[in-house]
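> Please find the sequence and the predicted model below.
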Number of protein chains: 2
Amino acid sequence: MQTFFSEDHRLHFPQGELHGGELVTPFERPSRVEYVLRQLKERGFPAVTTPDAVDLSIAHRVHDAGFLNFLETAWDEWKAAGNAGEIIATGFAARRMSGAFRPPPRDIDGKVGYYALAAETAITGGTWKAACSSLASAQSAQRHVAAKGGAAFALCRPPGHHAASDMFGGYCFINNAAVVAEMFRLGGAGKVAVLDVDFHHGNGTQEILYARGDVLFASLHGHPEDAYPYFTGYADESGEGEGEGATANYPMRPGTAYGEWSQALDEAIARIKAFGAEALVVSLGVDAYKDDPISFFKLESEDFRRCGNRLAKGLGLPTVFLMEGGYAIEAVGINTVNVLEGFAEG
Amino acid sequence: MQTFFSEDHRLHFPQGELHGGELVTPFERPSRVEYVLRQLKERGFPAVTTPDAVDLSIAHRVHDAGFLNFLETAWDEWKAAGNAGEIIATGFAARRMSGAFRPPPRDIDGKVGYYALAAETAITGGTWKAACSSLASAQSAQRHVAAKGGAAFALCRPPGHHAASDMFGGYCFINNAAVVAEMFRLGGAGKVAVLDVDFHHGNGTQEILYARGDVLFASLHGHPEDAYPYFTGYADESGEGEGEGATANYPMRPGTAYGEWSQALDEAIARIKAFGAEALVVSLGVDAYKDDPISFFKLESEDFRRCGNRLAKGLGLPTVFLMEGGYAIEAVGINTVNVLEGFAEG
Ligand SMILES: [Zn+2]
Ligand SMILES: [Zn+2]
């Protein structure tokens, strides 16, 4: 299986993540990908391919133009305003704010709060370029699969599934999964499925696709009563309008192990089959792992191989794997490549 | 004029405020009140009075019970969860979160994000007691005015006007102004006005009173396109239902000086008069001052005296002044007491 990967991910390395009331070294850090690269090499995967240049026209189909412009220009504006640190949102367009859906403020602090859904995620001087390089890997993987069938892996960093149509957060800026799904549609696939196995709910992907009947979004994740991002991913969120029934959420409780998790996976696979998807996008987070530092599922490393195997056997679709979360560092590599190997063996 | 003040404000002294991407010493700090106390003393005001015990039953009339319980218990829950720092929200119930209006999550991180409207405001072990003592001062001031007429000053800290029915932020936890307005109503006033002259929009007070026709809320503040809290306070926000017409917003642009500001003040005074208010609550922030570090109006210290004078001459109502913001430290005392003196001379 071919891997697409850009070294430009290194351009995004915030010094601080707001966590437990302190600024700590972010859990989502550049070294995560080193463990994946090492495992790919050790297990004889082909050398990684540097992606083609990013095509932002497709990002504009799933994201708001003002939001993308904000991501590109925020750093300069933030620094020009005399801020000493990295960009972290303070005042949010939260529940009780009557003007939350007006156009964004002019002030940079206000813009940051308008476009942010969380305060743990910093924007740095290199974030926009890194996010574009992450999307470029996703796009090259899609083109590879569209041309040759089978499967490909985009080792994306920063990840994308928390990024909504016009909001960043949860370490995410551009929604790679939504863009890749759109590319499959533009390439002629009648229906496409996005399966999100990251521990956290793919709130951004869901929001972007919520009213669409041509792309199914299915997600296995920690219950929103218990887990970040908290305010999306309930089982009764099933889409709206033409998209009614094209969103499938499987929230699960703390301590969930592979037995229960794989039942949800089987249900999601059945939904994708019944939906008639002609291509599959997998938001591949491996933070469902038992030792992940910020999650609470109990999957073993071998369970990730089983997961990949089930996807191949159960669906057999042209498939793009996109790296999302996973923070147990060493295990991120083992578990990610286990999914890919399990799929290749399926 | 009598001042009500509790030393328990000192129990709330967060070490960190998220500002410009860094954790800095909060602008809203205990020393602010020292400057006010000094000016009161220097100018011959009566010695401050320690308030009676807080009456939370009235706070329950303007705030959500789950929210008040959260404020009281959050610290223990946060520490029990192993967090090292003070309570600062990370994941928010922001614009694109489909479950933002569901009941709060069970997880403490989720609860904090649910009840927070901003990330600059930390909750500490002493915050609840301090917020209660701040409310106690406000309540004692109200009782004083209700019994004897005239005016009184509550030197409240932490402030209250950003606190919504079920959200904290902007250095605020319990909305003292809304509680005092409610006490005037319970005491027999047919109509009450809250005038907010703090530089920042009193989003919390507005939200609590938005559908009420018996309490007018009028606010002079930095335009939400330019100033925190950004997402409320537009001129077209005028109330809803029975409260339609009982909200009056006067947003003003960067650099606004007393000439324009006092015109808005006169308009607000005319509105309060036409409304038929029998009592007045003044959310007295002095961050409209030209040298305030986080604001952009250009009022001189003498303008604050004029402001107080106009309130007395223009309305002559039983009046409770509640301390809100003002961060230029030394000038906070001068400007605050200028308002009170100007009122007393009016
Ligand atoms: Zn995740
Ligand atoms: Zn203020």
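In hand now; what should we look at? Ligands and ions are numbered 1, 2, ... in the order given.

> for ligand 1, what are the nearby residues on chain A?
A:198, A:199, A:200, A:285, A:287, A:325 (Cβ under 5 Å from the ion). Any C-beta I mention is one placed from the backbone N, CA and C, and that applies to glycine too.

> give me the number of residues near residue A:42?
11 (other Cβ atoms under 10 Å in any protein chain shown).

> who touches the residue in chain A that ligand 1 sits nearest to in this structure?
Nearest residue of chain A to ligand 1: residue A:325, at 2.7 Å (Cβ to the ion). Counting by Cβ atoms under 8 Å, 6 or more residues apart in numbering or on different chains, residue A:325 makes contact with A:28, A:159, A:171, A:198, A:199, A:200, A:285, A:286, A:287.

> Which of the residues you listed fall within strands?
Assigned to strands by DSSP state E, none of those qualify.

> got the contact list for the residue in the stretch 51-200 of chain A positioned nearest to ligand 2?
Ligand 2 sits closest to residue A:91 of the stretch 51-200 of chain A, with a gap of 12.2 Å, by Cβ to the ion. By Cβ under 8 Å, 6+ apart, the residues touching residue A:91 are A:109-110, A:113, B:117-120, B:169-170, B:228-231.

> Next, the buried residues of stretch A:231-239.
Judged by neighbour count (16 or more other Cβ atoms under 10 Å in any protein chain shown), stretch A:231-239 contains these buried residues: A:231, A:232, A:233, A:234, A:237, A:239.

> want to try JSON lines for these, with secondary structure, pLDDT and distance to chain B as columns?
JSON lines is the format used below for these (DSSP: H, G, I helix; E, B strand; the rest coil; pLDDT from 0 to 100; distance: Cβ to the nearest Cβ, whole Å):
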{"residue": "A:231", "secondary structure": "coil", "pLDDT": "96", "distance to chain B": "4"}
{"residue": "A:232", "secondary structure": "coil", "pLDDT": "97", "distance to chain B": "5"}
{"residue": "A:233", "secondary structure": "coil", "pLDDT": "97", "distance to chain B": "8"}
{"residue": "A:234", "secondary structure": "coil", "pLDDT": "97", "distance to chain B": "6"}
{"residue": "A:237", "secondary structure": "coil", "pLDDT": "97", "distance to chain B": "6"}
{"residue": "A:239", "secondary structure": "coil", "pLDDT": "98", "distance to chain B": "11"}
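
> Specify which member of those residues is nearest to residue A:329.
The shortest approach to residue A:329 among the buried residues of stretch A:231-239 belongs to residue A:233, at 25.4 Å (Cβ to Cβ).

> Which pLDDT does the model give the closest residue to the closest one other than its chain neighbours?
Once flanking residues are discounted, residue A:233 sits nearest to residue A:201: 3.1 Å by Cβ to Cβ, 6 or more residues apart in numbering or on different chains. Looking at residue A:201, its pLDDT stands at 98.

> neighbours around residue A:201, how many?
The number of residues packed near residue A:201 is 31, by other Cβ under 10 Å.

> which residues does it contact?
Shown in contact with residue A:201 (Cβ under 8 Å, 6+ apart): A:219, A:221, A:222, A:224, A:227, A:229, A:232, A:233, A:249, A:251.

> from those residues, which is closest to residue A:7?
Among the contacts of residue A:201, and counting by Cβ to Cβ, the member closest to residue A:7 is residue A:229, at 29.1 Å.

> In chain A, which helix is the longest?
As assigned by DSSP state H, the longest helix anywhere in chain A is helix A:127-148.

> just checking, what packs against that helix?
strand A:2-4, helix A:56-62, helix A:65-80, strand A:151-154, helix A:176-186, strand A:319-323 (3 or more Cβ pairs under 8 Å, 6 or more residues apart in numbering or on different chains; DSSP states H and E).
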